[in-house]
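Trainee: Quick check, what structure comes out for this input:
(2 chains)
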Amino acid sequence: MKKILSVKDLSVNFETYKAEVQAVRKVSFDLHEEETLAIVGESGSGKSVTAQSIMRLIPMPPGKFVSGSIEFNGEDLIEKSEKQMESIRGKEIGMIFQDPMTSLNPTMTIGKQIAEGLIKHQNMSKKEAHLRGVELLKLVGIPNPEKRIKQYPHEFSGGMRQRAMIAIALACNPKILIADEPTTALDVTIQAQILDLMKGLQKETGTAIILITHDLGVVANAAHRVAVMYGGKIVETGSVDEIFYNPRHPYTWGLLGSMPKLDNHDEELKAIPGSPPDLSDPPQGCPFAARCPYAMKACSTQMPEYFELSETQKTACWLLDERAPKVEPPEFVNVGGLKVNG
Amino acid sequence: MVNYILKRIGYIALSLFLIISATFFLMQAAPGSPFASERKMTPAIEEQMIEAYGLNDPIHEQYITYVVNSLTFDFGPSFKFVGQEVMDIILRSFPYSLVLGLEAVFIAIGFGVLLGVFAALKHNRFGDYTAMIIAVMGISVPSFIMATILQYIFAFKLEMFSVARMESFSDTILPAIALATTPLAFIARLMRSSMLDVLSSDYIKTAKSKGMSQRIVTYKHGLRNALLPVISYMGPLVAGILTGSFIIEQIFGIPGLGSEFVTSITNRDYTVIMGTTVFYSVILLVSILIVDLIYGIVDPRIKLVAKGGGK
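Mentor: Numbering: from 1, shown residues only, chains lettered A, B, ... in the order given. Have a look, this model is predicted:
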């Protein structure tokens, strides 16, 4: 499949009064046509900043690009002017946000909010945009679209708003859809509906999706490939099967291990001890070294290279070096993986 | 909608009744008499005066007569200015306050919103600090100082306007500015904080992610939502400004309602006090109703239904 987006060595910093926070540090990944790439990680791992950098939605200042490139259609998005970005946002790359309760303008009808992009990017008349809006609402499964399109966001339920949000993001048939925790604010039954909707739309339109989430259940359900982020870095990336069945990074083990299991009532929920690193003064070596039960001397002084385990799986961990002791993932990880997929 | 307005008018009538009753009995309770400051009158003359104005009738009769007459906007004759009806005094002085007030309201809202939006867009930069220094000065400098400064610069030094006269439109400009300064500064600060709030909200990010330009994001998506707190502040503001500021009217020699109100209090001119109070209340209640109606139009989340007082 063709590569559509290529992020290379992206670093994004934020100026604060205290220090410069290095939110994203040398992140690289590719996105192919018609695939869903999940970026997982805990809060503060840099996943949202990465996504918003692609859209150039990071307010600058305080944010700034320190290095790297975001190649889309053979052009570097970082080099684009604000005016040029306006014709990419919404048209080439659409975005869905976490909280559908706050991400729609409360004083504008749903129809107008959908039409705006169509009028701007596809030179539609108001009437054409309205008709297309009705079609889009029908597409995302909103019943009674002719009536609904004239309503305001507060007349929609949470799940319906997220559907409307998806309709807005997909209005101009973007090549990439960035979904920043699209199901986090919804309850579980609605989550499944929204994920199914996104999967179905992807099949129809061929849009590539970047799915940002901290929910491994969502990943297993919707993604083709996964990038695990920690401390502003991608520590492991691979296909869904590789990440769930053959994870090689201790942080991925921790993530998989900390998922609750339905069949085990006695066991306490497993947490990864410690807290994420302070990114205003990030550790020299592997960001996970301080919390890693397998940490070696080298881990805290030198950031490991990516070890290519297969064509798709790359893991940044010194345990994979031939000089390191052989460590097998703990038992519970595999159990967790099986449960999620099966 | 019609039901809602009817219901609101009902509330207004009820509020007015309570206000009329409260002022009436407070006036009765206040010591002194409208004729106390006159030259010494013979008891016989004073007795006749009191009788003529019906002040000897039992309280409840006076009260009922007053409430009934109020319904037809007849507040009786002035005690102090012989031969003048209270309504004449109000109708004579209110137009000045109205013109002045409307000018001041437009200045305050127009420039206040402008200054606030400007400050929000230049957040934490030079423009923001400048705008907020102006706003803080506007709030802290009392209007009478502002009035004197304006008179000194524009009337005395530059001779662009008259110092105190009320004949043509140009005479209303200085007092309107002086009257507008404080609310303008207040609106600017309100607007700035609400605009900053709105600009950092999620739906602004959504609008940006659709490829909307900064201008459309700010004005089409931001401004309307940011205006809501300003609109709710407008009810009391408009009523206060329309009925005039006593101090400003004194300084610029304007025969407006504000000065009539204060003079009537020092004179114990019962009927004028009550008439102006009731008139002020009507304006306040009506402008609050209008503001609520505007609010309902601007913010679709607020439904104007008769149930539950409209919220």
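
Trainee: Can you check the pLDDT for the residue nearest to residue A:34 when sequence neighbours are not counted?
Mentor: Nearest residue to residue A:34, sequence neighbours excluded (Cβ to Cβ, 6 or more residues apart in numbering or on different chains): residue A:206, at 4.9 Å. Glycine gets a C-beta too; all of them are placed from N, C-alpha and C. Per-residue confidence (pLDDT) for residue A:206: 85.

Trainee: Equivalent analysis for residue A:218, please.
Mentor: 83.

Trainee: List the residues that contact it.
Mentor: With contacts defined as Cβ atoms under 8 Å, 6 or more residues apart in numbering or on different chains, residue A:218 is in contact with A:38, A:183, A:191, A:195, A:211.

Trainee: Could you do residue A:96 as well?
Mentor: Contacts of residue A:96 (Cβ under 8 Å, 6+ apart): A:103, A:162, A:165-166, A:169, A:177-180, A:182.

Trainee: burial count for the closest residue to chain A within the stretch 151-300 of chain B?
Mentor: Closest approach between the stretch 151-300 of chain B and chain A, counting by Cβ to the nearest Cβ: residue B:211, at 3.6 Å. As a burial measure, residue B:211 scores 23 neighbours (other Cβ atoms under 10 Å in any protein chain shown).

Trainee: And for residue A:184?
Mentor: Neighbour number of residue A:184 under other Cβ under 10 Å is 15.

Trainee: Also the one 3 residues further on?
Mentor: If you count neighbours by other Cβ under 10 Å, residue A:187 ends up with 10.

Trainee: Ok, the one 5 residues further on next?
Mentor: As a burial measure, residue A:192 scores 15 neighbours (other Cβ under 10 Å).

Trainee: ok, now residue B:146?
Mentor: 21.

Trainee: need the contact list for it.
Mentor: So residue B:146 contacts B:177-178, B:181 (Cβ under 8 Å, 6+ apart).

Trainee: before we move on, what about residue A:301?
Mentor: A:284-285.

Trainee: what's the spacing between it and chain B?
Mentor: Distance, residue A:301 to chain B, by Cβ to the nearest Cβ, to the nearest Å: 39 Å.

Trainee: which SS class is residue A:94?
Mentor: Secondary structure for residue A:94, judged by DSSP: H, G, I helix; E, B strand; the rest coil, is strand.

Trainee: May I have the beta-bridge partners of it?
Mentor: Under DSSP bridges, the beta-bridge partners of residue A:94 are residue A:177.

Trainee: Residue A:65 belongs to a strand, doesn't it?
Mentor: Yes. Assessed with three-state DSSP, residue A:65 lies in a strand.

Trainee: if you look at the contacts of residue B:146, which of them are in strands?
Mentor: Secondary structure assignment (DSSP state E) places none of the contacts of residue B:146 within strands.

Trainee: Keep only those of those residues that are in helices.
Mentor: B:177-178, B:181 (DSSP state H).

Trainee: Closest to residue A:63 out of the residues you listed?
Mentor: Taking Cβ to Cβ as the measure, residue A:63 sits nearest to residue B:181 out of these, at 38.6 Å.

Trainee: Surely the closest one touches residue B:142?
Mentor: No. Judged on Cβ atoms under 8 Å, residue B:181 makes no contact with residue B:142 at a distance of 9.4 Å.

Trainee: Which residue of the two possesses the greater neighbour count?
Mentor: residue B:181 (25 against 12).

Trainee: for that one, what are its contacts?
Mentor: Contacts of residue B:181 by Cβ under 8 Å, 6+ apart are B:138, B:141, B:143, B:146.

Trainee: Give the buried subset of these as a PyMOL selection command.
Mentor: The buried residues among these can be selected in PyMOL (16 or more other Cβ atoms under 10 Å in any protein chain shown) with this line:
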select buried, chain B and resi 138+143+146
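
Trainee: Which positions in the biggest helix by length in chain B come out as buried?
Mentor: Looking only at chain B and at elements set by DSSP H, the helix with the highest residue count is helix B:86-121. Buried residues in helix B:86-121, defined by neighbour count with 16+ other Cβ under 10 Å: B:86-87, B:89-90, B:93-94, B:96-101, B:103-105, B:107-109, B:111-113, B:115-121.

Trainee: Can you get me the centre-to-centre distance for that helix and its chain?
Mentor: Here helix B:86-121 shows a centroid-to-chain-centroid distance of 8 Å under the convention Cα atoms, centre = their mean, to the nearest Å.
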